[in-house]
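Asker: Return atomic coordinates for the entry below.
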Amino acid sequence: MAVPKPPPLRYLRSFSTTLRTANPATQSHPPRYTQSPPPYPYGPALHYKQSDSGLYGGATLQFGNKVSEKNALKSRRVWRPNIHNKRLWSDGLGRFVQIRVQARVLRTIDKCGGLDEYLLGEKPQRLKELGVQGWRLRWLVLRTGKVKRRVRAEREALGLVEHERAVAQKRFEERKAMKAESAGADALEDEIERAGGDVVGQTENSIDPPSPRTTTLETTIDRLTRALEAETVRRAQKTNPSSRSLLTANALPPQTNEPEKTPHTKTENPARRAAQNLNPASTSYTAEGKEQLGKQIEEIEEAVEAAMEHAEEDGRERLEAAMERLWSAREGLEGVRAEALVDLEVEEKEEEKEERKRSEGGVLGKIKGFFRRG
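Answerer: Model (predicted):
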């Protein structure tokens, strides 16, 4: 008894959940010409679509009537084009091409000298006769090296190559000139911008620098100084009316409106904190008003010292000038007050004398007083 042979390994099922698939009998190969030709300028056939599969030369179905000789009856019929399935040789492709050709087109191919000559025709009517299949064969023939060399030789014989080279050289020179012109324009613009920047820089240097920003402390000092000067003028006019015009011309008017609020910087914070609680100047004759004015000036001096520690040189000079003006205004007010006090004492003495005269009763009163003392 013969022992059965084991099955070949390729038919054994693998230990997995997938099913075994047999190798296909035929394998597909990529097409020889992967690129497609450009679209046919006249498009595919609209009615007789079989003409797109061969060289039909524009032939279509012909419709007519079949007329009987006996009784002249008519019946509709169709005449189809005379199509042959031929193997034609192509010199460019180097092989035979199996294609369907109409009899009239086959006669034209023989007259032209071959399939390639028929396909390479350049007249519009020839391109219309090619159809979609003829257009594809024309594209394949034009891609071969033999036809490319032939076309190149014809172009050289006609002088088109030299003409194209001259045109290309001219375009290159024009493009180069345009680039040089644009580069020159860019350089000119850069030069203009540079010159404009120099002019702007010179103009900025020639313009006077902006005036420094007035701080809150300077505003407070100026307000107090104006109040002192105005009070000095008022007291001087009251004390000595003859000097009214002179004092009015030299003194500034009092500041009634509130000054503009200016922003504070980090360097002004100490001065701002010291000047926050400053009150309007007190310029009365009383001792309380004089003491209050002295306290305000002391607070301002402390604020100025705190601000000068962080201020710049220009700010220090402005603060020193403001303080000198404040001190001079205070001295002027003190002088007017002293004169007013002297005048007040003189007036009080004169009033006492008059009061004494009125109390004594004139000459008769003096005599009576003399006898009384005696």
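
Asker: Tell me if I'm right that D116 and L142 touch.
Answerer: No - checked against Cβ atoms under 8 Å, the pair D116 and L142 is beyond contact range at 9.7 Å. Where C-beta positions appear, they are placed from N, C-alpha and C, glycine not excepted.

Asker: Neighbour count: these two, which is higher?
Answerer: With neighbours defined as other Cβ atoms under 10 Å, D116 and L142 compare such that D116 has more, 23 against 15.

Asker: And the contacts of the helix or strand hosting the more buried one?
Answerer: Using DSSP states H and E, the secondary-structure element containing D116 is helix 115-119. Outside of helix 115-119, the residues that reach it under the criterion Cβ atoms under 8 Å, 6 or more residues apart in numbering are 88-92, 97, 105, 108-109, 112, 126, 130, 134, 137-138, 141, 147.

Asker: Filter the residues you listed down to the ones in strands?
Answerer: 88-90, 97 (DSSP state E).

Asker: farthest-separated two in those?
Answerer: Across the ones in strands among the contacts of helix 115-119, the longest distance by Cβ to Cβ is 7.7 Å; it joins W89 and V97.

Asker: ok, these two, which is more surrounded?
Answerer: Comparing W89 with V97 by neighbour count (other Cβ under 10 Å), the higher total belongs to V97, at 16 against 12.

Asker: pretty sure the more buried one contacts R136?
Answerer: No - contact between V97 and R136 fails when scored by Cβ under 8 Å: they sit 10.9 Å apart.

Asker: list the buried ones in stretch 318-325?
Answerer: 318-319, 322-323, 325 (16 or more other Cβ atoms under 10 Å).

Asker: of all those, which comes closest to Q237?
Answerer: Of all the buried residues of stretch 318-325, Q237 sits closest to R325, with 21.0 Å by Cβ to Cβ.

Asker: so can I have TSV of the buried residues of stretch 318-325 showing distance to G184 and pLDDT?
Answerer: Putting the buried residues of stretch 318-325 into TSV (distance: Cβ to Cβ, whole Å; pLDDT from 0 to 100) gives the following:
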residue	distance to G184	pLDDT
R318	54	75
L319	58	73
A322	60	75
M323	64	76
R325	63	77
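
Asker: still on that earlier bit, which of the contacts of helix 115-119 fall in helices?
Answerer: 105, 108-109, 112, 126, 130, 134, 137-138, 141, 147 (DSSP state H).

Asker: still on that earlier bit, average pLDDT across the helix holding D116?
Answerer: For helix 115-119, the mean pLDDT works out to 94.

Asker: Just the CA atoms of that helix, as CSV, please.
Answerer: In CSV, the C-alpha atoms belonging to helix 115-119 read as follows (Å, rounded to 0.1, in the frame of the first residue of the first chain):
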residue,chain,number,x,y,z
LEU,A,115,2.0,56.5,-41.7
ASP,A,116,4.4,58.9,-40.1
GLU,A,117,4.2,61.4,-43.0
TYR,A,118,0.4,61.3,-42.8
LEU,A,119,0.3,61.8,-39.0
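
Asker: Kindly provide the distance from I300 to E331.
Answerer: 15 Å (Cβ to Cβ, to the nearest Å).

Asker: More neighbours: these two, which one.
Answerer: When I300 and E331 are compared on other Cβ under 10 Å, the one with more neighbours turns out to be I300, at 21 against 12.

Asker: tell me the pLDDT at the closest residue to that one other than its chain neighbours?
Answerer: Take I300 and drop its neighbours on the chain: the residue closest to it by Cβ to Cβ, 6 or more residues apart in numbering is I221, 6.0 Å away. Looking at I221, its pLDDT stands at 72.

Asker: residues contacting I221?
Answerer: 300, 304, 319, 322-323, 325-326.

Asker: Looking at those, which is nearest E231?
Answerer: L326 (13.1 Å).

Asker: Just the helices from this structure, written as ranges.
Answerer: Ranges of helices in the chain, per DSSP H, are 103-112, 115-119, 124-142, 145-158, 160-206, 216-239, 244-250, 269-275, 287-310, 313-360, 362-373.

Asker: how is this structure carved up into domains?
Answerer: Dividing the chain into domains by automatic domain parsing, as the record does, gives the ranges 37-160, 216-358.

Asker: so which of those domains comes closest to M178?
Answerer: domain 37-160 (26.4 Å).

Asker: any low-confidence regions in the stretch 101-250 of the chain?
Answerer: Under the criterion pLDDT under 70, the flagged ranges of the stretch 101-250 of the chain are 196-215, 217, 235, 238-250.

Asker: returning to that earlier point: roughly how far does the residue nearest to I300 sit from S328?
Answerer: When Cβ to Cβ is applied, the distance between I221 and S328 equals 12 Å.
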